[in-house]
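Chemist: Requesting a structural model of the entry that follows:
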Amino acid sequence: MQLKKIDFPLEKAVTKNNSANFIADFKEITKLRLTVSIAFSAIAGYFLGADSVDFVIVLLLAIGGYLLVGASNAFNQVLERDLDAKMDRTKNRPLPAGRMSVKTALIIGFSFGIGGIGVLYIINPTTAFFGALSILLYVLAYTPLKTKTPLSVFVGAFPGAIPFMMGWIAATNNFGIEAGTLFIIQFFWQFPHFWALGWWLYDDYKKGGFFMLPTGKRDKTTATQTVLYTFWTVAVSLIPAFGVTGKLYLSNISAILILIIGIGMLYYAIALFRERTAKAAKKLMFASVSYITLLQIIYVLDKYIRIWI
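Modeler: Take a look at the predicted model:
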């Protein structure tokens, strides 16, 4: 007599739930949404530098950028797992919550890191070099300095500014004034963005022992520096409009659009200076994200509209 196999719905439900949980934890350990936004920055840089678009390179750049940023985030969460357990916004991450082992996180980090550098090397060695440099600076310099000095934001601004520049290098295999300008734009942007984030989440960061604000306090000096660096972010964003940055050029109309969104970001920075509240800082943080995203879109559209016209 042949026995009929019996399915157990509960067992299937548990397996499905475990798979869903692992996928959710995988997204969290690699910070999927943040990783996608950074990959978008690299792709924008590529479109700015490319004379003709090769969508194979675009795909490789997206994959390589995603893998490297995911690796950086995985290593970061391994190093900060004990500190993450102290903060409300991070205590439920896979490592401090015990849903993922350090070994698994390290496997993700190393496989993503090696894979990302390898994918970028296919594009060209210079792109791979800057990709490797970004992960080394983020993991070995920025991450340990976050609990030691407010200068960590300055150090972290270097790897944070590389993706936009790296896209140009992927297109041209050349580090010149154009790539340097894209780097400087995103470098200055890091300061108001992370100081706004540090102000907004100050109490939580304090639990983990992180020093994110230039004075270590939510005070007038920090707010003043935030306004100044917001101004400089907008100012350097307009440099390509003056025709001094080689092949990277911005039309007058696009420069005006950048100025308008820049004034919007500056408005929120001044509001933080006046109010000095977590609510005002949160608004500036989101305004900064909107600014850099819109800036990259405007830069790319400006180039291709001029080509088509």
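Chemist: Please name the residues that touch I263.
Modeler: For I263, the contact set (CB atoms under 8 Å, 6 or more residues apart in numbering) comprises V234. Any C-beta I mention is one placed from the backbone N, CA and C, and that applies to glycine too.
Chemist: Can you tell me the SS state at it?
Modeler: helix (DSSP: H, G, I helix; E, B strand; the rest coil).
Chemist: got it, and R218?
Modeler: Here R218 is recorded as coil under three-state DSSP.
Chemist: doesn't W200 make contact with it?
Modeler: No: with contact defined as CB atoms under 8 Å, R218 does not count as touching W200 (9.6 Å).
Chemist: The two - which one has more neighbours?
Modeler: Ranked by neighbour count (other CB atoms under 10 Å), R218 and W200 place W200 first, with 23 against 19.
Chemist: show me where this protein has helices.
Modeler: 9-30, 32-49, 55-79, 81-84, 102-123, 125-136, 143-145, 152-172, 177-200, 202-208, 220-237, 252-275, 278-308 (DSSP state H).
Chemist: Check which residues of the shortest one are buried.
Modeler: What that stands for is helix 143-145. Residues of helix 143-145 classed as buried: T143, L145 (neighbour count, 16 or more other CB atoms under 10 Å).
Chemist: Identify the residues contacting it?
Modeler: Contact with helix 143-145 is made by F75, N76, L79, E80, L151, S152, V155, G156, as judged by CB under 8 Å, 6+ apart.
Chemist: Distance-wise, check the closest residue to the third one other than its chain neighbours relative to S152.
Modeler: Right, the one you point to is L79. Nearest non-adjacent residue to L79, counting by CB to CB, 6 or more residues apart in numbering: T143, 5.4 Å away. As judged by CB to CB, to the nearest Å, T143 and S152 stand 8 Å apart.
Chemist: And for D203?
Modeler: From D203 across to S152, the span is 18 Å (CB to CB).
Chemist: what do you get for P240?
Modeler: From P240 to S152 the distance is 30 Å (CB to CB).
Chemist: out of the two, which sits in the busier spot?
Modeler: Neighbours were counted for P240 and for S152 using other CB under 10 Å; P240 has more, 26 against 20.
Chemist: wait, the more buried one sits on G180?
Modeler: No: look at P240 against G180 with CB under 8 Å: they stay out of range, at 11.5 Å.
Chemist: mind listing what the residue positioned nearest the centre of the chain touches?
Modeler: With distances taken as CA atoms, centre = their mean, I38 lies nearest the centre of the chain, 4.6 Å away. Contacts for I38 (CB under 8 Å, 6+ apart) come out as G65, V69, P163.
Chemist: My read is that the first one contacts P163, right?
Modeler: Yes: with contact defined as CB under 8 Å, G65 counts as touching P163 (6.2 Å).
Chemist: ok, and for stretch 205-215, which residues are buried?
Modeler: Buried, per 16+ other CB under 10 Å, within stretch 205-215: Y205, K207, G208, F210, F211, M212, L213, P214.
Chemist: and it, what's its mean pLDDT?
Modeler: For stretch 205-215, mean pLDDT rounds to 90.
Chemist: Same check on stretch 266-280?
Modeler: Mean predicted lDDT for stretch 266-280 stands at 97.
Chemist: who touches it?
Modeler: 192, 196, 199-202, 218-220, 223-224, 226-227, 230-231, 234, 281, 283-284, 287.
Chemist: For F187, see how far away the closest residue to I135 other than its chain neighbours is.
Modeler: Leaving aside its chain neighbours, I135 sits nearest to S72 (5.0 Å; criterion: CB to CB, 6+ apart). The gap separating S72 from F187 is 17 Å, by CB to CB.
Chemist: who's more crowded, the two?
Modeler: Neighbours per residue, other CB under 10 Å: of S72 and F187, the larger number sits with S72, 28 against 21.
Chemist: what about the stretch 1-150 of the chain, any weak spots by pLDDT?
Modeler: Counting by pLDDT under 70, the stretch 1-150 of the chain contains low-confidence residues at 1-20.
Chemist: wait, A170 sits on G45?
Modeler: Yes: contact criterion CB under 8 Å: A170 and G45 qualify, at 7.5 Å.
Chemist: if we can go back for a sec, now which of the contacts of stretch 266-280 would you call buried?
Modeler: Among those, those scoring as buried are 192, 196, 199-202, 218, 223, 226-227, 230-231, 234, 281, 283-284, 287 (criterion: 16+ other CB under 10 Å).
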